[in-house]
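Peer 1: Sequence isn't available, so here's the structure alone:
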């Protein structure tokens, strides 16, 4: 038996049960969280709404890549202004680098993938 995973599963079940069992009156909450049918809101519902807000605030992959590119451009510009050798080792996306290398090797006729 794997006690660690079983203990983790039991704790997660207890956490979910507590979230479902605890009800908070509307008077304690902002208007955006009110449940007008019952007058109470479960903690699990509040957590779901908060998780949605956190997801909305998190930048997309495109925004992260754009930010990384702009940081790289600023670094390269700074190095060019100071007449240093440009170093391309900052902020390297290893997954994208590997994907590009695989694509190059796949379509380059002089590289044999059997080796």
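Peer 2: It's in. If you're wondering where the values come from, they're calculated on a predicted model, not measured in any experiment. Numbers count the residues shown, from 1 in each chain.

Peer 1: Run the chain-centre distance for stretch 51-58.
Peer 2: Taking C-alpha atoms, centre = their mean, to the nearest Å, one finds the center of stretch 51-58 at 10 Å from the center of the full chain.

Peer 1: An error on my part: the question was meant for stretch 68-79.
Peer 2: Distance, stretch centre to chain centre, for stretch 68-79: 24 Å (C-alpha atoms, centre = their mean).

Peer 1: buried stuff in it?
Peer 2: Along stretch 68-79, not one residue counts as buried under the neighbour rule (16 or more other C-beta atoms under 10 Å). The way it works is simple: take the backbone N, C-alpha and C, and place the C-beta from them, glycine included.

Peer 1: ranges for the strands of the protein?
Peer 2: Counting by DSSP state E, the chain has strands at residues 23-25, 40-42.

Peer 1: quick one, helices of this protein?
Peer 2: Using DSSP state H, the helices found in the chain span residues 3-21, 43-57, 61-81, 94-107.

Peer 1: Quick check: which of those helices is nearest to residue 35?
Peer 2: Smallest distance to residue 35 across those (C-beta to C-beta): 7.5 Å, for helix 43-57.

Peer 1: Just the pLDDT for residue 113.
Peer 2: In this prediction, residue 113 carries a pLDDT score of 64.

Peer 1: just to revisit the earlier point, as JSON lines, the helices of the chain with mean pLDDT would be great.
Peer 2: Formatted as JSON lines, the helices of the chain follow (pLDDT from 0 to 100):
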{"stretch": "helix 3-21", "mean pLDDT": "85"}
{"stretch": "helix 43-57", "mean pLDDT": "87"}
{"stretch": "helix 61-81", "mean pLDDT": "86"}
{"stretch": "helix 94-107", "mean pLDDT": "84"}
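
Peer 1: among these, which is nearest residue 29?
Peer 2: Of all the helices of the chain, helix 43-57 comes closest under C-beta to C-beta, at 7.7 Å.
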